[in-house]
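Undergrad: just to be clear, the model below is a prediction. Sequence and coordinates:
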Amino acid sequence: MREAVIEELRRKAAGLPLQSGVYLMKNADGKIIYVGKSRALKNRVSQYFQDSEKDAKTAAMVSCVRDFDYMLTSSEIEALNLENRLIKLHK
């Protein structure tokens, strides 16, 4: 079951653009459990679902992820500002 979820998340991440933006990781209930930003969304989000060593905190978060959304921005600075606002909103 979990491997099927990871495979679907990998496929979805592979379709992301190489553009700056913010990503919102969601659990099985659709609740946002993590907000992050990136210069290249495809590269950053894909890293979460690779079979590589992760620190305990990241591994725990990834084990709960069932879906993610993203928002594109025109610059990394804009992504940083949006990330900050979304973290405060979803805290």
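TA: Right, received. Where do you want to start?
Undergrad: low-confidence ranges in this structure?
TA: Residues of the chain meeting the criterion pLDDT under 70: 1.
Undergrad: would you map the strands across it?
TA: Using DSSP state E, the strands of the chain run over 21-26, 32-38, 67-72.
Undergrad: buried residues, stretch 56-66. List them.
TA: Of the residues in stretch 56-66, Met61, Val62, Val65, Arg66 count as buried by neighbour count, 16 or more other CB atoms under 10 Å. (Each C-beta comes from the backbone N, C-alpha and C, glycine too.)
Undergrad: other residues contacting that stretch?
TA: With CB atoms under 8 Å, 6 or more residues apart in numbering as the test, stretch 56-66 has contacts from Arg2, Val5, Leu9, Met25, Lys26, Asn27, Ala28, Ile33, Tyr34, Tyr48, Phe49, Lys54.
Undergrad: again with stretch 2-17
TA: Against stretch 2-17 from outside (CB under 8 Å, 6+ apart): 41-42, 45-46, 48-49, 63, 65-68, 70, 72.
Undergrad: change it to 10 Å
TA: Stretch 2-17 is contacted from outside by 23, 25, 28, 38, 40-51, 62-63, 65-68, 70, 72, using CB atoms under 10 Å, 6 or more residues apart in numbering.
Undergrad: circling back: let me have the buried residues of stretch 56-66 in JSON lines, extended by distance to Glu76.
TA: Conversion of the buried residues of stretch 56-66 to JSON lines gives the following (distance: CB to CB, whole Å):
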{"residue": "Met61", "distance to Glu76": "22"}
{"residue": "Val62", "distance to Glu76": "23"}
{"residue": "Val65", "distance to Glu76": "23"}
{"residue": "Arg66", "distance to Glu76": "28"}
